[in-house]
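>>> Provided below are the primary sequence and the corresponding predicted coordinates.
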Amino acid sequence: MQSLYEFYKIGNGPSSSHTMGPKRAVERFINTYKDIDKLKVILYGSLALTGKGHLTDYIIKETSYPIETEIEFDLDKECTVHPNTMKIIGYKNENIVDDWTVYSVGGGTIKIDGEEDTDVPDIYELNKFEDIKIYCEENNLKLHEYVYNVEGYEITTYLKEVWNAMKEAVETGLNKTGMIPGRLRLSRTASDIYNTVVDNEDESLKQTRLLSSYAIAVSEENASGGKIVTAPTCGASGVLPAVLYYYNHDKNVPENVIIEALAVAGLIGNLVKTNASISGAECGCQAEIGTACSMAAAASAYIIGLDIERIENAAEVAMEHHLGLTCDPIYGYVQIPCIERNAVAAIRAIDSSKLSMLMRKHKSISFDVVVDTMYETGKDLHSHYRETAEGGLAKKYCRNKYYNKDMA
Ligand code: SF4
């Protein structure tokens with residue numbers, strides 16, 4: 001399992017697999033072949049089908065500038081290795097210098113075909129929650145202490161940077177109004193929700209209002225190309241910040257506890273990334289929002305003082321009840337259903353941690369089992385429901401009365 005430096009990435013939205021990954025691949029290609037004078041990038045699978053909405057072509061051209069760059073969307077080729085596949089061809093004086101086939105596997109991480117693995121080494125020896133739990137119990141460690149032991153205490157400096165970027169995304173998003181870029185012509189709603197205080201608002205409604213506005217603020221920033229943190233991806237980047245911001249800002253949980261919770265959440269997300277997938281194109285939205293909800297539930301469970309077993313239960317509950325969740329972004333934009341979905345998952349995350357506190361401690365389904373199940377379920381999902389915008393809401397929306405063929 002790789003470091004949390006690789007897991008939490010601070011960057012611009014709207015999509016880790018469709019913008020951060022391709023950007024990284026092109027950067028690496030250009031740095032390897034410094035004298036090329038032309039690039040051709042062919043996008044396949046989900047990158048071809050939803051690349052326009054996710055700004056893949058825009059980010060590639062911006063990254064390769066001033067090198068002349070041609071982008072081709074190949075909608076026909078079947079992707080047998082990973083649905084987010086791209087080919088980068090470099091030229092010098094019209095002669096091919098090299099070509100790479102690259103897979104953007106989620107969270108901004110790439111794999112280059114023919115290379116052993118990614119350019120990032122594995123630093124965690126234990127790759128299953130069960131093994132980590134046993135190790136922590138035997139060594140009297142909490143989960144965040146285990147993370148600090150493996151990564152070195154310096155990781156806390158990076159986690160503070162991550163936390164600051166998350167806070168900034170919430171606050172920037174809450175302070176903005178106006179339109180979100182794209183054909184859907186959506187208006188930002190975070191500040192409206194934040195300010196909608198109904199008469200006799202009780203604690204429960206207040207929590208929903210705050211969590212939703214924070215999650216939506218970050219997701220609207222993401223959809224507008226603003227700065228966010230992959231947690232685990234750009235599309236699901238609003239869930240964890242919303243929960244952490246709520247505890248810190250509204251419940252006075254101190255920053256050192258927030259940083260520890262961020263380490264716990266990162267461990268959970270990293271386990272999903274290692275053992276299954278955090279890519280909507282590979283396994284549907286359960287892999288993105290399901291994972292984000294699991295991470296936030298574990299963070300919440302840690303903050304309310306639950307032990308490792310109950311933290312596991314919270315993460316498991318959060319994932320179990322997202323199983324089968326499809327990815328069907330309308331026109332390929334990370335907007336509908338994505339933005340609202342972040343709010344629902346933030347609310348669910350806190351509920352999952354509370355449920356874990358009330359339930360029997362020894363659950364029948366472990367976190368490792370639910371992660372495995374999510375992966376298998378994702379592989380079984382029809383491609384229409386894996387970030388291709390060919391099914392679900394993407395299809396129905398296009399057929400409703402507001403559909404205008406010119407927009408398609
Ligand atoms: S539906 Fe979910 S997985 Fe798909 S783009 Fe939106 S947030 Fe990502």
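Nice, thanks for sending it over.
>>> Cys285 touches Ala345, doesn't it?
No. Between Cys285 and Ala345 there is no contact under Cβ atoms under 8 Å: 9.6 Å. (C-beta placed from N, C-alpha, C; glycine too.)
>>> mind listing the strands for the stretch 51-200 of the chain?
68-73, 85-92, 95-106, 109-112 (DSSP state E, counting those that start in this stretch).
>>> of those, which approaches Gly182 most closely?
Among those, strand 68-73 comes nearest to Gly182, with 17.6 Å by Cβ to Cβ.
>>> neighbours of the residue lying closest to Glu130 once chain neighbours are set aside, just the number please.
Setting aside the residues directly before and after it, Glu130 is nearest to Asp368 in space (Cβ to Cβ, 6 or more residues apart in numbering), at 5.5 Å. Asp368 has 20 neighbouring residues, counting by other Cβ atoms under 10 Å.
>>> now Glu68: how far from Lys40?
Per Cβ to Cβ, to the nearest Å, Glu68 is found 9 Å from Lys40.
>>> got a list of what Phe29 touches?
With contact taken as Cβ atoms under 8 Å, 6 or more residues apart in numbering, Phe29 is in contact with 39, 88, 90, 100.
>>> out of these, who's nearest the ligand?
Set against the ligand, the nearest of the contacts of Phe29 by Cβ to the nearest ligand atom is Ile88 (23.4 Å).
>>> what sits opposite that closest one in the beta ladder?
Under DSSP bridges, the beta-bridge partners of Ile88 are Val41, Trp100.
>>> From what I see, Thr177 and Thr189 are in contact.
No. Thr177 is beyond contact range of Thr189, at 9.1 Å (criterion: Cβ under 8 Å).
>>> the more surrounded of the two?
Taking other Cβ under 10 Å, Thr177 and Thr189 do not tie; Thr189 has more neighbours (19 against 11).
>>> my guess is that one contacts Ala217, does it?
No. Applying Cβ under 8 Å, one finds Thr189 not in contact with Ala217, separated by 9.3 Å.
>>> re earlier: mind checking which of Glu68 and Lys40 has more residues around it?
For Glu68 and Lys40, the more surrounded residue by other Cβ under 10 Å is Lys40, and the numbers stand at 16 against 13.
>>> For the closest residue to the ligand within the stretch 251-400 of the chain, give me its contacts.
At 2.7 Å from the ligand, Gly280 is the closest residue in the stretch 251-400 of the chain, using Cβ to the nearest ligand atom. Counting by Cβ under 8 Å, 6+ apart, Gly280 touches 17, 46, 106, 233, 235, 287-288, 327, 386-387.
>>> can you do 7 Å?
Counting by Cβ atoms under 7 Å, 6 or more residues apart in numbering, Gly280 makes contact with 235, 287-288, 327, 386-387.
>>> With Glu387 instead?
Shown in contact with Glu387 (Cβ under 7 Å, 6+ apart): 46, 50, 280-281, 327, 329.
>>> And Val218, by the same measure?
169-170, 173, 228, 237-238, 241-242.
>>> ok, Ala389 to Met295 distance?
Ala389 is 26 Å from Met295, by Cβ to Cβ.
>>> Name the residue in those two with the higher neighbour count.
Between Ala389 and Met295, counted using other Cβ under 10 Å, the more crowded position is Met295 (34 against 24).
>>> and the contacts of Gly280 as JSON lines, adding pLDDT?
Supplementary listing: these in JSON lines, determined by pLDDT from 0 to 100:
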{"residue": "Gly235", "pLDDT": "96"}
{"residue": "Ala287", "pLDDT": "98"}
{"residue": "Glu288", "pLDDT": "97"}
{"residue": "Cys327", "pLDDT": "97"}
{"residue": "Arg386", "pLDDT": "95"}
{"residue": "Glu387", "pLDDT": "91"}
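>>> Quick check: the farthest pair among those residues?
Top of the distance list for the contacts of Gly280 (Cβ to Cβ): Gly235 and Arg386, 12.8 Å.
>>> and the residue nearest to Thr196 when sequence neighbours are not counted, how many residues sit next to it?
Once flanking residues are discounted, Thr196 sits nearest to Arg209: 6.6 Å by Cβ to Cβ, 6+ apart. Using other Cβ under 10 Å, Arg209 has 17 neighbouring residues.
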